[in-house]
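Asks: what follows is a predicted protein model with its sequence.
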Amino acid sequence: MNFVTKDQATVPFKARTQAAVADPKLRKSLAGAMAFLQQKRSAQFPDPVELEALRTLGQHIRQHALSRLPDLLVELEEKLLVLGAQVHWAETAEQANEIVLGIARRRNAHSVIKGKSMASEEMELNHYLEARGITCVESDMGEYIVQIAGEKPSHIVMPAIHKTKADIAGLFHERIADMPYTEDVDALIQAGRRVLRQQFADADIGLSGVNFAAADTGTLWLVENEGNGRLSTSVPPVHVAIMGIEKVVARLEDVVPLSSLLTRSATGQSITTYFNLITGPRRAGEKDGPEELHLVLLDNGRSQAYADDELRETLQCIRCGACMNHCPVYERIGGHAYGTVYPGPIGKIISPHLLGLEETHEMVTASSLCGACGEVCPVRIPIPQLLIRLRNEAKRDPGQEVEHPLRGQGAAFSRGEHLVWRFWRGAFSHPSVYRVFRWAATRLRAFTPRSQLGWTQHRTPLVPAKRSLHDLMKERDKR
Ligand code: SF4
């Protein structure tokens, strides 16, 4: 499964990152957008004590929910069934696609209008349905822009963040009938809305994601700013919600602080313009709402993370995107270079479970481990530590037996490198051997090769110092 255009998918990860770094327009767009988002977030949290208290609360709510995940999912299903909804369980993206197709076929549906859903991006649902004759239109403005551009989202909250105003003006002029070229933002939004209004009226199915689901009441909670989420979930006769299994929490009241952390961290808003609480399909006497409500619970590799006590913390994520907005790597390369649905720091820790380390081992190395992501994460996911763990898993001997092997374990394993490190560990743990090694390294430094594989591509060669630190310290102590 790939999440960039077909041409990009064939380009190796490093080449994609190099191309992104060399694109001055992209760098300028991202630098401006990231600075703006960082400033908006920090304005929302003026009191560091309150911020830390909220982060602790968010972390505890998420950890408590994950500790009871299987039970909460069953409870959620039971509540939703009582409310008249239908619940489907999908282990893989393929199964989830088949479920949605089955609903569409049974309803003889030909068109789907979509609110924002990252889970459906994981499934490549648009592509899947369109290949089977069902039209899918994105109704979130950012998603709509990347859809008509034939691209994939480059950010989990702001999918078209890589595009400039001029890019969007040109795109709308080219793709929307009778649309003059204009860089007036209001005019562009109005034009997009005009097109989408008709799509809402014509759609057979409305599809959405889910930000949180409360097991005690069976409530699906969706936040958004455009009203498209509300229209997608209430105008068409069928609403299909797709949710990663980790999004459930125990109680409706748990959602309130999480939602506050989400919107303040994501877009710097104390509350979004719309938030939707969906509890079942339309009931007798109600004026609007769908005739049918379906919830698709998607695993797609999440159980792998869940099975490991340390990696389980990945599933605390509330998809706010703050880690991306503060990541110096994301700021320089943008989202498309990662080639995965989830880019940036969260992408690096979740994608290995969705796609396997064989496809993602390079991206887990694309971090300076500066720690900014972990510091801003509203639910305190220790992202740098998880990255180090995933790097170790990618380098682990594939033949080694472990309790919970990860898909693609050992994808970056090299027997030669493994032997070098074993030698180094042996030398380092025996002082006499280390002394000989040190003596030899300082005396033979003139023979150090100047070209050292990938290291010297962008850095000066590693050459042992004339005098070792031990020697210098001994000398100083004598004085
Ligand atoms: S890892 Fe943390 S900061 Fe990043 S998207 Fe998830 S919740 Fe937000």
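Replies: Ah, there it is.
Asks: neighbours around residue 391, how many?
Replies: Residue 391 has 18 neighbouring residues, counting by other C-beta atoms under 10 Å. Heads up, the C-betas are built off the backbone N, CA and C, glycines and all.
Asks: please shift the residue numbers so they start at 833 in all later answers.
Replies: Taking 833 as the first residue, the last one we looked at is residue 1223.
Asks: what helix or strand does it sit in?
Replies: Residue 1223 belongs to helix 1215-1227 when assigned by DSSP states H and E.
Asks: got it, and residue 958?
Replies: With DSSP H and E as the criterion, the answer for residue 958 is helix 957-962.
Asks: so after that helix, what's the next helix or strand?
Replies: Proceeding C-terminally, helix 957-962 gives way to strand 967-970 as the next helix or strand, assigned by DSSP H and E.
Asks: could I get the buried residue list for stretch 1074-1084?
Replies: Taking 16 or more other C-beta atoms under 10 Å as the basis for neighbour counts, the residues of stretch 1074-1084 that come out buried are 1074, 1075, 1076, 1077, 1078, 1079, 1080, 1081, 1082, 1083, 1084.
Asks: residues from the stretch 1133-1282 of the chain in reach of the ligand?
Replies: Taking C-beta under 6 Å from any ligand atom as the test, the list of the stretch 1133-1282 of the chain residues beside the ligand reads 1149-1155, 1177-1178, 1208-1211, 1213.
Asks: and if we set it to 8 Å?
Replies: Neighbours of the ligand within the stretch 1133-1282 of the chain, by C-beta under 8 Å from any ligand atom: 1146, 1148-1156, 1176-1178, 1181, 1205, 1208-1211, 1213, 1215.
Asks: list buried residues within those residues.
Replies: 1146, 1148-1156, 1176-1178, 1181, 1205, 1208-1211, 1213, 1215.
Asks: which ones among the residues you listed lie within helices?
Replies: With helices defined by DSSP state H, the entries of these inside them are 1154, 1155, 1156, 1176, 1177, 1178, 1181, 1205, 1208, 1215.
Asks: quick one, what contacts the second one?
Replies: Residues in contact with residue 1155 (C-beta atoms under 8 Å, 6 or more residues apart in numbering) are 1176, 1177, 1178, 1204, 1205, 1206, 1208, 1209, 1215.
Asks: mind running it again at 6 Å?
Replies: Contacts here follow C-beta atoms under 6 Å, 6 or more residues apart in numbering; on that basis residue 1155 touches 1176, 1177, 1178, 1205, 1209.
Asks: quick check: the fourth one touching residue 1177?
Replies: Yes: if you go by C-beta atoms under 6 Å, residue 1205 and residue 1177 touch, sitting 3.7 Å apart.
Asks: and for those two, which residues touch both?
Replies: Counting by C-beta under 6 Å, 6+ apart, the residues touching both residue 1205 and residue 1177 are 1155, 1159, 1215.
Asks: ok, of the ones in helices among the buried ones among the residues of the stretch 1133-1282 of the chain next to the ligand, which one's closest to the ligand?
Replies: The shortest approach to the ligand among these belongs to residue 1155, at 3.2 Å (C-beta to the nearest ligand atom).
Asks: what's the pLDDT at the residue of the stretch 983-1132 of the chain found nearest the ligand?
Replies: Among residues of the stretch 983-1132 of the chain, the one nearest the ligand by C-beta to the nearest ligand atom turns out to be residue 1097. It sits 6.1 Å away. Residue-level confidence at residue 1097 comes out at 98, pLDDT.
Asks: ok so it is a strand residue?
Replies: No: assessed by DSSP: H, G, I helix; E, B strand; the rest coil, residue 1097 does not belong to a strand; its assignment is helix.
Asks: ok, it touching residue 1154?
Replies: Yes: the pair residue 1097 and residue 1154 qualifies as a contact (C-beta under 6 Å) at a distance of 4.2 Å.
Asks: near the ligand, which residues of the stretch 983-1132 of the chain show up?
Replies: Neighbours of the ligand within the stretch 983-1132 of the chain, by C-beta under 8 Å from any ligand atom: 988, 1094, 1097, 1098.
Asks: how about a markdown table for those residues, with neighbour count added?
Replies: Written out in a markdown table, the entries for those read as follows (neighbours: other C-beta atoms under 10 Å):
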| residue | neighbour count |
| --- | --- |
| 988 | 23 |
| 1094 | 26 |
| 1097 | 29 |
| 1098 | 25 |
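Asks: just the C-alpha atoms of stretch 902-911, please, in CSV.
Replies: Extracted in CSV, the C-alpha atoms of stretch 902-911 (Å, rounded to 0.1, in the frame of the first residue of the first chain):
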residue,chain,number,x,y,z
PRO,A,902,-11.0,-5.3,24.7
ASP,A,903,-13.7,-4.8,27.4
LEU,A,904,-14.4,-1.2,26.3
LEU,A,905,-14.8,-2.1,22.7
VAL,A,906,-17.3,-4.8,23.6
GLU,A,907,-19.2,-2.3,25.8
LEU,A,908,-19.2,0.2,23.0
GLU,A,909,-20.6,-2.3,20.6
GLU,A,910,-23.3,-3.3,23.0
LYS,A,911,-24.4,0.3,23.6
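Asks: how about that stretch: buried residues?
Replies: Within stretch 902-911, the residues that qualify as buried by neighbour count (16+ other C-beta under 10 Å) are 904, 905, 907, 908, 909, 911.
Asks: and if you look at stretch 857-872?
Replies: By neighbour count, with 16+ other C-beta under 10 Å as the criterion, the buried positions of stretch 857-872 are 858, 859, 861, 862, 865, 866, 869, 870, 872.
Asks: and for stretch 1218-1225?
Replies: Of all the residues in stretch 1218-1225, those buried under the rule 16+ other C-beta under 10 Å are 1218, 1219, 1221, 1222, 1223, 1225.
Asks: wait, which of those is closest to residue 1116?
Replies: Distances from residue 1116 to the buried residues of stretch 1218-1225, taken as C-beta to C-beta, are shortest for residue 1218 (48.5 Å).
Asks: next up, the contacts around that closest one.
Replies: Contacts of residue 1218 were listed using C-beta under 6 Å, 6+ apart, and they are residue 1181.
Asks: what distance do you get for it to residue 1245?
Replies: As judged by C-beta to C-beta, to the nearest Å, residue 1218 and residue 1245 stand 19 Å apart.
Asks: for residue 1223, same thing?
Replies: The gap separating residue 1223 from residue 1245 is 12 Å, by C-beta to C-beta.
Asks: please compute how far the helix holding residue 958 lies from its chain's middle.
Replies: From the chain centre to the centre of helix 957-962 is a distance of 20 Å (C-alpha atoms, centre = their mean, to the nearest Å).
Asks: name the helices or strands packed onto it?
Replies: With contacts defined as 3 or more C-beta pairs under 6 Å, 6 or more residues apart in numbering; DSSP states H and E, helix 957-962 has no packing partner among the helices and strands.
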